[in-house]
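Novice: Return a 3D structure for these sequence lines:
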Amino acid sequence: MSFPIFIASDFHFGTGHEDVLQPFLNLLKMAKEWNAKLFLNGDLFNFWIEKKNYIPEGCRRFVEGLKKATEDGLPIFVLKGNRDFLLGETFKKETGVTLIDDDVYVIHEKKLIITHGDQFFDDVGYQRYRKFIRSGVICWLSRIAPKWVSLYVAKRLRNSSKGGNFKSYPLPKNIDDPNDFTMILGHYHQEVIRKTKRSVIIFCPAFDEVAKVLKIDDDNYEFIEVPQ
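Specialist: Take a look at the predicted model:
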């Protein structure tokens, strides 16, 4: 028996941005009712500071919702986004989710490629910033630095990337055609299906703006609304 896959992206949960909590909890309930596997495709949080046994301010209710869902048997897979790429062992321990460390997750039997997608953003300045902020030295410093330093880094994560204040980013033009695989991206805050010569590329809308989840069942895919 084949079970559906749910994919949703860009929740941006955090202090001052709590309205997404109830729709998110409803999404967890929906996924359980459908016996689905749930993939959260980046930017689950507006920012995340990864420190041992520390949950950032404002994120605990979201974390508790994830923990309850995994304890109830819902398989949840989390990819990192440009705002929460520091997710690590503390997050896994507190939630019970499967945390995917690579930028890209491939489900070969379904011919699916899932990725947050900011690595395709067509801006040289952003890509330089992305490489710098994800370097091993910066990630190490974020773990050992005092919290006030980490909070400063978090503000940089929220404010420094070009286009960060836009409702939607320009869609990338030069994604390699993924050879008969369907590629699912977040980050760009748009509900777009782009057909290529050999495949399909799907952009998920930002959940914090439009509470929708992509449901993939066998070879069929559709966006369905999540109750508010």
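Novice: Please pull up the helix or strand immediately following the helix-or-strand element of the chain with minimal mean pLDDT.
Specialist: Lowest on mean pLDDT, DSSP states H and E among the helices and strands of the chain sits helix 147-159, with a mean of 64. Moving toward the C-terminus from helix 147-159, the next helix or strand (DSSP states H and E) is strand 182-185.
Novice: helices or strands up against that next one?
Specialist: Judged by 3 or more Cβ pairs under 8 Å, 6 or more residues apart in numbering; DSSP states H and E, strand 182-185 is in contact with strand 37-41, strand 112-115, strand 200-203. Backbone N, C-alpha and C define where each C-beta goes, glycine included.
Novice: how many other residues sit next to residue 60?
Specialist: 11 (other Cβ atoms under 10 Å).
Novice: per-residue pLDDT, it?
Specialist: Listed pLDDT for residue 60 reads 87.
Novice: Spatially central residue in the protein, please.
Specialist: Centroid-nearest residue in the chain: residue 42, 1.4 Å away (criterion: Cα atoms, centre = their mean).
Novice: Please verify my assumption that that residue contacts residue 186.
Specialist: Yes: with contact defined as Cβ atoms under 8 Å, residue 42 reaches residue 186; the gap is 4.9 Å.
Novice: list residues touching both of those two?
Specialist: 9-10, 81, 116-117 (Cβ atoms under 8 Å, 6 or more residues apart in numbering).
Novice: what's the closest of these to residue 174?
Specialist: Taking Cβ to Cβ as the measure, residue 174 lies nearest residue 117 of the shared contacts of residue 42 and residue 186, at 12.6 Å.
Novice: what about stretch 72-80, average pLDDT?
Specialist: 97.
Novice: wait, stretch 138-145
Specialist: 72.
Novice: In that stretch, which residues are buried?
Specialist: Judged by neighbour count using 16 or more other Cβ atoms under 10 Å, the buried positions of stretch 138-145 are residue 142.
Novice: which residue packs closest to residue 182, ignoring adjacent ones?
Specialist: Nearest in space to residue 182, with sequence neighbours left out and distances taken as Cβ to Cβ, 6 or more residues apart in numbering, is residue 200 at 4.8 Å.
Novice: meant to ask about residue 138
Specialist: Nearest one to residue 138, counting by Cβ to Cβ, 6+ apart, is residue 132 at 6.8 Å.
Novice: Give me the phi and psi for that neighbour.
Specialist: phi -70, psi -50 (degrees, to the nearest 10).
Novice: Then residue 98?
Specialist: phi -90, psi 110.
Novice: Let me know the distance separating it from residue 180.
Specialist: Residue 98 sits 26 Å away from residue 180, going by Cβ to Cβ, to the nearest Å.
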